[in-house]
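1. coordinates only, no sequence provided:
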């Protein structure tokens, strides 16, 4: 049998175009007598001819040693020869689980995540987006899909002006450089946060700055607005400041991404789509889809309660986040024939809904033919720290770089964690594995309160569970077993590995990696409960390696 065990079983018990009569389930733990459970799809299966006939067919299969009935329960034991062959293939490495690369073969995906502002260093709020996007990209790739990882970086919004103004206010431009002891994106982020917190023109208490979208909609006539207008007007001095500020941030962010082992194939800037902003604004006004307020701002009346008025251009002509996203998704190149996916926070649901509505109206008026991107939105809840929202405009936002440094030190200081690092096959992968893995098992749509103390606690973090398992190679009894297939632990490892393809398939169908993450976590936790025999170690380590690869946690690029 050169196909996946679970897929083959569905074919045998159902036939082409027929719902299988039985579902194959792997046990939670090894069992002496059986390897798999058969779950009937019909309630009275003992009286169902189709179910009974399928069960007889299963019993006659060459890879089945025995089928045992115990009342309503049915157990299946695999043939020793099949287990031995599959186990040997698993230990060979890649392609061990048959059919993984066929799940999404021939499909192209454009996966959009990261999408940070070029005004600050990346913090733990971005880390959830990065973890989910990176894991989904790896799962789609493992499933045989052609994946282009994309990001669109904000470099023309109000926050960009605030960052530039903050840099000027610091008195360190143009002398500042990455060699002055402060990472370049951290420097700009401090300048940005300081300007937002202390900008007198905002008329706000220093501890309660307005959120970024509110600040972006209103015209403040301050240094930030002046600098942005000078950039848009082509002022050479302002353009140099804008270019340098953006370069500092992106350079620093890329170093952070490299440490996490995350890469992107194609990166766009929102400033690239300013010509499209003008075209869409003119089209919308011409056909009455958009309105100009008395103050000159251009808005879209959505007729939706969650976002009744969608501001697109400020009174001074600066496009808002809403308009910049609209311009990108209606104009982004290379999306034809792809399944386009965007990973973003739940706070953008109303924006996404209203933007899609406006896109449909504009397409009806000739602004493009059948543009429907992104085809899928993967939303996630916001990240808080000690129940307080994480904001880039706060100086105390926990940065990914600081978290990585803390993790590195905490691992080295702990006796157990330091031992894990010494035994791990890829010690440099532990920090990103732990940092990213923390976010993968949680319900995506729920908010997440981040507690760094849980990162290195067993059964709280998939990343740490996986790191411990990859470093776990106890001696067991030290006995070399001539027939590993007779060992229930070995059989369990082989059967569990067959489930990998099922979870990849779910990731492709649902664009959700949490079932795959839970599978890897369970396998990791079971493995480290005790020392395992050498043949079990080889099989389970191979299964864990492929699971880590599917979640983007296997190595640092």
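-> Looks like it arrived, so ask away. This one's a predicted model, so the numbers in the text were calculated from it and none came from an experiment.
2. let's see the distance spanning stretch 432-451 from one end to the other.
-> Stretch 432-451 has an end-to-end distance of 16 Å (CA to CA, to the nearest Å).
3. ugh, wrong one, I meant stretch 384-398
-> Using CA to CA, the end-to-end distance of stretch 384-398 comes to 10 Å.
4. how close does the nearest residue to residue 24 once chain neighbours are set aside get to residue 125?
-> Nearest residue to residue 24, sequence neighbours excluded (CB to CB, 6 or more residues apart in numbering): residue 9, at 4.6 Å. For glycine as for every other residue, the C-beta is placed from the backbone atoms N, C-alpha and C. As for residue 9, its distance to residue 125 is 43 Å (criterion: CB to CB, to the nearest Å).
5. now residue 373
-> Residue 373 is 25 Å from residue 125, where distance means CB to CB.
6. what of residue 547?
-> In terms of CB to CB, residue 547 sits 27 Å off from residue 125.
7. could you do residue 230 as well?
-> Residue 230 is 31 Å from residue 125, by CB to CB.
8. okay, the two: which has more neighbours?
-> Neighbour count, other CB atoms under 10 Å: between residue 230 and residue 125, residue 125 has more, with 21 against 18.
9. residue 335 is in contact with residue 108, isn't it?
-> No: here residue 335 does not reach residue 108: they are 9.5 Å apart, not a contact under CB atoms under 8 Å.
10. between those two, which one's more packed in?
-> Taking neighbours as other CB under 10 Å, residue 335 and residue 108 compare with residue 335 leading, 20 against 17.
11. now do the SS call for that one.
-> Assigned by DSSP: H, G, I helix; E, B strand; the rest coil, the conformation of residue 335 is coil.
12. ok, back up a step: helix or strand right after whatever helix or strand the residue nearest to residue 24 lives in?
-> Element membership of residue 9 [criterion: DSSP states H and E] is helix 5-14. Counting by DSSP H and E, the element after helix 5-14 in chain order, helix or strand, is strand 22-25.
13. so residue 449: helix, strand or coil?
-> Following three-state DSSP, residue 449 is assigned to strand.
14. can you classify the closest residue to it other than its chain neighbours by secondary structure?
-> If the residues on either side of it in the chain are set aside, residue 449 comes closest to residue 384, at 5.0 Å by CB to CB, 6+ apart. With three-state DSSP as the basis, residue 384 sits in strand.
15. so how far is residue 402 from residue 384?
-> In terms of CB to CB, residue 384 sits 17 Å off from residue 402.
16. same thing with residue 376?
-> For residue 376, the distance to residue 402 equals 33 Å [CB to CB].
17. centre of the chain to the longest helix belonging to the chain, how far?
-> The residue-count maximum for a helix in the chain (DSSP state H) belongs to helix 236-260. Counting by CA atoms, centre = their mean, to the nearest Å, helix 236-260 is centred 23 Å from the centre of its parent chain.
18. next: stretch 125-132.
-> 6 Å.
19. surely residue 32 and residue 488 touch.
-> Yes: contact criterion CB under 8 Å: residue 32 and residue 488 qualify, at 5.7 Å.
20. so for these two, which sits in the more crowded spot?
-> Each of residue 32 and residue 488 has its neighbours counted (other CB under 10 Å); residue 488 has more, 16 against 7.
21. for that one, what are its contacts?
-> 30, 31, 32 (CB atoms under 8 Å, 6 or more residues apart in numbering).
22. for this structure, give me the ranges with low pLDDT.
-> For the chain, residues meeting the criterion pLDDT under 70 lie at 1-3, 13-18, 93-98, 175-180, 199-214, 368-370, 386-396, 474-481, 555-557.
23. nearest residue to the middle of it?
-> For the chain, residue 132 is the residue whose C-alpha lies nearest the centre (CA atoms, centre = their mean; 1.3 Å).
24. mind listing what it touches?
-> For residue 132, the contact set (CB under 8 Å, 6+ apart) comprises 113, 343, 378, 380, 439, 440, 444, 513.
25. how about residue 297?
-> Going by CB under 8 Å, 6+ apart, residue 297 touches 217, 311, 313, 314, 315.
26. repeat for residue 448
-> Residue 448 makes contact with 128, 381, 382, 383, 384, 439, 442, according to CB under 8 Å, 6+ apart.
27. run through the bridge partners of the nearest residue to the last one once chain neighbours are set aside.
-> I take that to be residue 442. Distances taken as CB to CB, 6+ apart place residue 448 nearest to residue 442, at 5.5 Å, with adjacent residues excluded. Under DSSP bridges, the beta-bridge partners of residue 448 are residue 383.
28. which secondary structure state does the nearest residue to residue 114 once chain neighbours are set aside sit in?
-> With sequence-adjacent residues excluded and distances taken as CB to CB, 6+ apart, residue 114 is closest to residue 151, at 4.0 Å. Of the three states, residue 151 takes strand under three-state DSSP.
29. where's residue 151 relative to residue 100, distance?
-> Noted for residue 151: a distance of 27 Å to residue 100, by CB to CB.
30. for the stretch 151-300 of the chain, which segments count as strands?
-> Secondary structure of the stretch 151-300 of the chain by DSSP state E, counting those that start in this stretch: the strands cover 266-269, 291-292, 298-301.
31. would you mind giving those strands as JSON lines with distance to residue 339 and mean neighbour count added?
-> Output for the strands of the stretch 151-300 of the chain, formatted as JSON lines (distance: least, CB to CB, whole Å; neighbours: other CB atoms under 10 Å):
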{"stretch": "strand 266-269", "distance to residue 339": "16", "mean neighbour count": "16"}
{"stretch": "strand 291-292", "distance to residue 339": "35", "mean neighbour count": "14"}
{"stretch": "strand 298-301", "distance to residue 339": "27", "mean neighbour count": "19"}
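32. determine the number of other residues adjacent to residue 254.
-> Counted with other CB under 10 Å, residues neighbouring residue 254 total 15.
33. any idea how far it is from residue 137?
-> Distance, residue 254 to residue 137, using CB to CB: 17 Å.
34. circling back: contact partners for the residue nearest to residue 449?
-> Remark: with contacts taken as CB under 8 Å, 6+ apart, residue 384 is in contact with 390, 447, 448, 449, 450.
35. quick one, phi/psi of the nearest residue to residue 289 once chain neighbours are set aside?
-> For residue 289, ignoring the flanking residues on the chain, the nearest one in space by CB to CB, 6+ apart is residue 361 at 5.1 Å. Phi and psi for residue 361, reported as degrees, to the nearest 10, are phi -70, psi -40.
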